[in-house]
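K.L.:
Make a model of this:
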Amino acid sequence: MKELETKIIQKLHQHSASEATLHVPEDIRRITLRRFEDFEQLALREKYPNIYLESTPAGKKINHGTQIQGLFPELEQLVETEPMEKIAMELFRPKSISKDQEIFVRNPGGSSIIPHQDYIYERKHKNHRTLSLNIKLNPINYREGHMSYHSVKQGTKLRHIFDASKWEWKLFSLNAQHKRMHELEDSAIHAIWHTSYSAHKARIPVKGDKRGVFIRYIVNCYD
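P.N.:
Residues are numbered from 1 along each chain as shown. So this is what the prediction gives:
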């Protein structure tokens, strides 16, 4: 295993989220955003089963979507999936893996993300765990909807409670030892490593015209 991969694994064991060294060149960022905007116009006119919209002050917008492989070919050329698989195998020791791609968007005046860890939703599948690389296409700050990450050791399952009014699971609490990782919100960071145990949340993005568009490359791990 390469030295960089070993360092990533060490950081993820300690915090379950970490800065990624990926750099997205400006031309690829702009091309990918244009592809997203064109796709969103199609999604608003037609029904796509894996694309989910939300109401915002500017009208209906994409909130998130799954199974978007092939939508952003220029960006895909930057993402090395083999190291991702090696890191996931070392973290989770799964019997099998699969890969997926998702998009999620932080729209001005849109929805918040309640504090949670992804494992609480993934557990419906037998010991399902994920490693993902979340790429920021247009950096935003916390007020604009960027997620805040809180340090949690890999494998730690924090207590959640079910909010029946919103049909969502949320963290019961974040203790003092779960320090906010402010460095991951830096606009200079183009991508974040995220696992099933990453504790994260986001406020309702302030109103305006700045949207946060994130592409998520995922390795699904199963026993």
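
K.L.:
Helices of the chain, residue ranges please.
P.N.:
3-15, 26-45, 73-76, 81-92, 119-122 (DSSP state H).

K.L.:
out of these, which comes closest to F104?
P.N.:
helix 26-45 (11.3 Å; Cβ to Cβ). Every C-beta, even on glycine, is put in place using the N, C-alpha and C of the backbone.

K.L.:
and that closest one, what does it pack onto?
P.N.:
strand 51-56, strand 59-66, helix 73-76, strand 212-222 (3 or more Cβ pairs under 8 Å, 6 or more residues apart in numbering; DSSP states H and E).

K.L.:
pLDDT of it, averaged?
P.N.:
In this model, helix 26-45 carries a mean pLDDT of 96.

K.L.:
what angle separates that helix from strand 212-222?
P.N.:
With axes from the mean of the first three to the mean of the last three Cα atoms, to 10 degrees defining the directions, helix 26-45 sits at 80 degrees from strand 212-222.

K.L.:
Buried residues in helix 26-45, which are they?
P.N.:
28-29, 32-33, 36, 39-40, 43 (16 or more other Cβ atoms under 10 Å).

K.L.:
one step back: dump the helices of the chain to a markdown table, plus distance to A199.
P.N.:
Below are those laid out as a markdown table (distance: least, Cβ to Cβ, whole Å):
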| stretch | distance to A199 |
| --- | --- |
| helix 3-15 | 10 |
| helix 26-45 | 28 |
| helix 73-76 | 27 |
| helix 81-92 | 16 |
| helix 119-122 | 10 |
